[in-house]
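1. Fold the following, please.
(chains A and B)
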There are 2 protein chains.
Amino acid sequence: MPPVSPLAPASFPDLPVIAGVRFATAEAGVRYKGRTDVMLVELVEGTSIAGVYTRSGTRSAAVLDCQAKTGGPNDGRAAILVNSGNSNAFTGRNGQASVDAICAAVADRLSVEPTRIFTASTGVIGEPLPHDRIVARIDELATTLSETGAEAAARAIMTTDTFAKGASAEVQVGGQSVRIAGFAKGSGMIAPDMATMLVYIFTDAVIAQPALQHLISDLAQTTFNCITVDSDTSTSDTLICAATGASGVDVAGDDGFATALEAVMRDLAHQVVRDGEGATKFVEVQVSGSRSDDDARKAAMAIANSPLVKTAIAGEDPNWGRVVMAVGKSGAEADRDRLSIRFGDIVVAEEGWVAPGYREEDGAAYMKQQDLVLRVDLGIGDGTATVWTCDLTHGYIEINADYRS
Amino acid sequence: MPPVSPLAPASFPDLPVIAGVRFATAEAGVRYKGRTDVMLVELVEGTSIAGVYTRSGTRSAAVLDCQAKTGGPNDGRAAILVNSGNSNAFTGRNGQASVDAICAAVADRLSVEPTRIFTASTGVIGEPLPHDRIVARIDELATTLSETGAEAAARAIMTTDTFAKGASAEVQVGGQSVRIAGFAKGSGMIAPDMATMLVYIFTDAVIAQPALQHLISDLAQTTFNCITVDSDTSTSDTLICAATGASGVDVAGDDGFATALEAVMRDLAHQVVRDGEGATKFVEVQVSGSRSDDDARKAAMAIANSPLVKTAIAGEDPNWGRVVMAVGKSGAEADRDRLSIRFGDIVVAEEGWVAPGYREEDGAAYMKQQDLVLRVDLGIGDGTATVWTCDLTHGYIEINADYRS
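-> Numbering: from 1, shown residues only, chains lettered A, B, ... in the order given. Here you go, the predicted model:
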């Protein structure tokens, strides 16, 4: 096992209890030995469930199943079941059969409609999921459900993650308190259109499914869809947000709630990058002055995905030439001689050339920091975008040339 | 210096003399010490010169200058001057000033029109080119021009290359012999829209500039624009083909000539991949059965650029699940359950799942080869594409996290 990422938070946060949500975990032995690999979440009657999924053309059976169920009838309780170790992706007709078998077992044991059961699988692609091992644990899971099991659930769904990722918020709406708590897994195969990520967020807010769906689809654009570790996109990415309504507080249209939810989503997204395979630097890439926000995003993602930029960061080399290269290949409209670059607050280049006051030793000193901000202004418009990434190191090669994920 | 790539050819080929072309090299000390870093090529009167250049939005001054000159009046002799060590890219107004100074010195010494002088620079981005050091060597270069200097020229333009790259062909057109000889440099920052590559190809064929331009623009699409090392695109990529006409043989519209030229271009393109930074495997990715050739190319490039596919290859892991992932993220239309994958002749997956007869040990044994062919059939149409890439190894990280290119 690789050591815990140097960019990891000091500890897993204390997640507040979200009324109406209960968790359980078990060791099903899907692939790993001596650790939990299945989590079950039970959601109280009336819970609104919204989802955002990978747009991969080779989506897994569980993703297709969840997509078909999202926005469906809100009847009775609901459940989420996730396993790690095997992604049940590219397993032919076996894929849906495994999803059906798991949903049937959960439906039977918890008396939940199968259309209200959302599964996910993460791990190896292309090997049939031994779903019998999961089905054999459903009874154990159902009898150990607990409101305080979120952290254990976060750990059960980890694959190459080096730390469990959680975040929470509490926000006042009309003088009453609303809670949000979530967790995520993912550390490689991370790029927009959702990363190799599974994210589960729970709130006791009252909000109808369409409004919740609209909100998380929007917020995913500026959080989970703005991170990249290696430009690779999983076939299984899933973000589910469940609102139990147990607080009795209606949050529809409330900006404070949206802001708090976005903060939880951004925090989790950043933690995924901080656990990027082999990462030693956390990098925020800010692009401004482009012809459009879309152009800014193109340029920012080209910088964030460039192997040459990422290896320069790993080497603590203030190699702004590679940043220029990445802008050039991005497809964003650019004028070489109006481009400026800052590393943090250090003006490195302006008007298409090295800045008059720039000293290489200042750039080199800045690059030694663990958290970096690369700022590029294209100087030709008002478009902006911010994305997050990590460096590309020997650790990434070690993990991916040896580990069969 | 990194050792010579394990994928390198045994030796530099014997390039035939191309009548009408003379080469010279010198040690100008642009950046490197103790090696040649400038090459001058003199081309006889009447030479047709065609060029294909990077489409980067932050193109270097030399590229912009060459583009402006390509297709211009065919008056008198012509010249090519290339330096290594400094790319003269992103150097603000200094960029064009350096190009102008070099062209003026060559024009003066060789009595060539400045509009017939094509320069290129390769190396560090963002530092002013000390063009005085080059200008100071023009006289020495002019007095040492030789018809047999192609290999020395190929060596003078190398940067992180671990071997010099040359290729040639001789073809009969109407019973008469026509010769083609070329060389290239490049090993990182290699992706379509021309790689971090400089390529110079010479022929004694008779062919008008527009016809030559049409031919090499076409052939670049299936050769140099079908290779990728790291998905990064240089600001300086340049391919120039010069036809001196000295053979007296008109090749316009001759398929044999086009085929021979394409073979030289493909050979050089493959050698660039074989010198990919840190490469230990040469990989051909063939995609068929897509809705269109464009979709096939998208899928092939997504596979060839995927860090997870490339690290799996480095680890000799027959991880076809990552190939599926890359197809899924490519944007090409795909039907998960009609996709099939072969490693060489081994059928690994079909109908969206592992093939019945596939044995993991067969895949693992195949992956130990140095030259690999990954074949993906999407099963939904007639589109095809072939691209070439290498694996992603610790060597790539070492070269790019330490070397300031």
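
2. And the helices in the stretch 1-150 of chain A?
-> Secondary structure of the stretch 1-150 of chain A (DSSP state H, counting those that start in this stretch): helices at A:61-69, A:93-110, A:131-135, A:138-143, A:150-156.

3. tally of neighbours for the residue nearest to A:Ala164 when sequence neighbours are not counted?
-> Spatially, and ignoring its direct neighbours in sequence, A:Ala164 is nearest to A:Ala154 (4.2 Å; CB to CB, 6 or more residues apart in numbering or on different chains). C-beta here means a position set from N, CA and C on the backbone, and glycine is covered the same way. Residues near A:Ala154, counting by other CB atoms under 10 Å in any protein chain shown, number 25.

4. doesn't A:Phe23 make contact with A:Ala154?
-> No - using CB atoms under 8 Å, A:Ala154 makes no contact with A:Phe23, being 9.2 Å away.

5. The residue lying farthest from the centre of chain A in helix, strand or coil?
-> Distance from the C-alpha centroid of chain A, by CA atoms, centre = their mean, peaks at A:Pro356 (40.4 Å). Secondary structure, DSSP: H, G, I helix; E, B strand; the rest coil: A:Pro356 is coil.

6. so A:Ile180 sits in a strand?
-> Yes - under three-state DSSP, A:Ile180 sits within a strand.

7. That one: neighbouring residues, count only.
-> A:Ile180 has 26 neighbours, counted by other CB under 10 Å.

8. Who are the contact partners of it?
-> With contact set as CB atoms under 8 Å, 6 or more residues apart in numbering or on different chains, A:Ile180 has these partners: A:Ile18, A:Ser168, A:Ala169, A:Glu170, A:Val171, A:Ile201, A:Phe202, A:Thr203, A:Ala205, A:Ala260, A:Leu261, A:Val264.

9. go with 6 Å
-> By CB atoms under 6 Å, 6 or more residues apart in numbering or on different chains, A:Ile180 lies in contact with A:Ala169, A:Thr203, A:Ala260, A:Leu261, A:Val264.

10. Can you list which of the residues you listed are found in helices?
-> Secondary structure from DSSP state H places A:Ala260, A:Leu261, A:Val264 of the contacts of A:Ile180 in helices.

11. How about the contacts made by A:Asp337?
-> Going by CB under 6 Å, 6+ apart, A:Asp337 touches A:Glu351, A:Gly352.

12. coming back round to it: out of the contacts of A:Ile180, which is most surrounded?
-> Going by other CB under 10 Å, A:Thr203 tops the contacts of A:Ile180 with 33 neighbours.

13. Which residues are in contact with it?
-> Taking CB under 6 Å, 6+ apart as the criterion, A:Thr203 is in contact with A:Ile180, A:Ala243.

14. so what's it bridging to?
-> A:Ile180, A:Ala243 (DSSP bridges).

15. how close does it get to A:Ala150?
-> 13 Å (CB to CB, to the nearest Å).

16. which residues does the closest residue to A:Ala279 other than its chain neighbours contact?
-> Spatial nearest neighbour of A:Ala279, chain neighbours left out: A:Cys390 (3.5 Å); criterion: CB to CB, 6+ apart. Neighbouring residues of A:Cys390 by CB under 6 Å, 6+ apart: A:Val229, A:Val273, A:Gly276, A:Ala279.

17. still on that earlier bit, got the ones in helices among the contacts of A:Ile180 as TSV, with pLDDT and distance to chain B columns?
-> Below are the ones in helices among the contacts of A:Ile180 laid out as TSV (pLDDT from 0 to 100; distance: CB to the nearest CB, whole Å):
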residue	pLDDT	distance to chain B
A:Ala260	96	31
A:Leu261	97	27
A:Val264	95	26
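
18. Contact residues of the stretch 101-250 of chain A facing chain B?
-> A:Ile125, A:Gly126, A:Asp230, A:Asp232, A:Thr233, A:Thr235 (CB under 6 Å from any CB of the partner chain).

19. Can you say which helix or strand has the fifth one in it?
-> When secondary structure is defined by DSSP states H and E, A:Thr233 falls outside every helix and strand.

20. and it, how many neighbours?
-> A:Thr233 has 27 neighbours, counted by other CB under 10 Å.

21. Equivalent analysis for the second one, please.
-> Summarising burial for A:Gly126: neighbours were counted as other CB under 10 Å, giving 24.

22. Spatially, and excluding backbone neighbours, which residue is closest to it.
-> Of all residues not flanking A:Gly126 in the chain, B:Gly321 sits nearest, at 4.0 Å (CB to CB, 6+ apart).

23. roughly how far apart are A:Ser288 and A:Leu339?
-> Separation of A:Ser288 from A:Leu339 (CB to CB): 11 Å.

24. Counting neighbours, go ahead and name the busier of the two.
-> Shown here are A:Ser288 and A:Leu339; by other CB under 10 Å, A:Leu339 has more neighbours (27 against 19).

25. Which parts of the stretch 151-300 of chain A are helices?
-> Counting by DSSP H, counting those that start in this stretch, the stretch 151-300 of chain A has helices at residues A:209-222, A:255-274, A:293-305.

26. low pLDDT regions in chain A?
-> Scanning chain A for pLDDT under 70 picks out the ranges A:1-2, A:188-196, A:402-405.

27. ok so, going back, mind putting the contacts of A:Ile180 in TSV, distance to A:Pro13 included?
-> Shown next, in TSV, are these (distance: CB to CB, whole Å):
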residue	distance to A:Pro13
A:Ala169	11
A:Thr203	16
A:Ala260	14
A:Leu261	16
A:Val264	10
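
28. before we move on, back to that, narrow the contacts of A:Cys390 to just the buried residues.
-> A:Val229, A:Val273, A:Gly276, A:Ala279 (16 or more other CB atoms under 10 Å in any protein chain shown).

29. I'd like those written out as JSON lines, with distance to B:Val82 added.
-> Below are those laid out as JSON lines (distance: CB to CB, whole Å):
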{"residue": "A:Val229", "distance to B:Val82": "37"}
{"residue": "A:Val273", "distance to B:Val82": "40"}
{"residue": "A:Gly276", "distance to B:Val82": "39"}
{"residue": "A:Ala279", "distance to B:Val82": "38"}
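
30. Tell me the one of those nearest chain B?
-> A:Val229 (8.9 Å; CB to the nearest CB).

31. how about the residue lying closest to A:Arg116 once chain neighbours are set aside, what does it touch?
-> Of all residues beyond its chain neighbours, the one nearest A:Arg116 is A:Ala78 (4.0 Å), with distances taken as CB to CB, 6+ apart. A:Ala78 sits next to A:Leu43, A:Thr47, A:Ile49, A:Arg116 when contact means CB under 6 Å, 6+ apart.

32. what about the second one, neighbour count?
-> In this case it means A:Thr47. A:Thr47 has 25 neighbouring residues, counting by other CB under 10 Å.

33. Check the third one too.
-> Close neighbours of A:Ile49, defined as other CB under 10 Å, add up to 22.

34. how many neighbours does the closest residue in space to A:Asp382 that isn't next to it in sequence have?
-> Residue nearest to A:Asp382 in three dimensions, not counting chain neighbours: A:Gly289, with 7.3 Å by CB to CB, 6+ apart. Number of residues near A:Gly289 (other CB under 10 Å) recorded here: 20.

35. I'm done for today, thanks for sticking with me.
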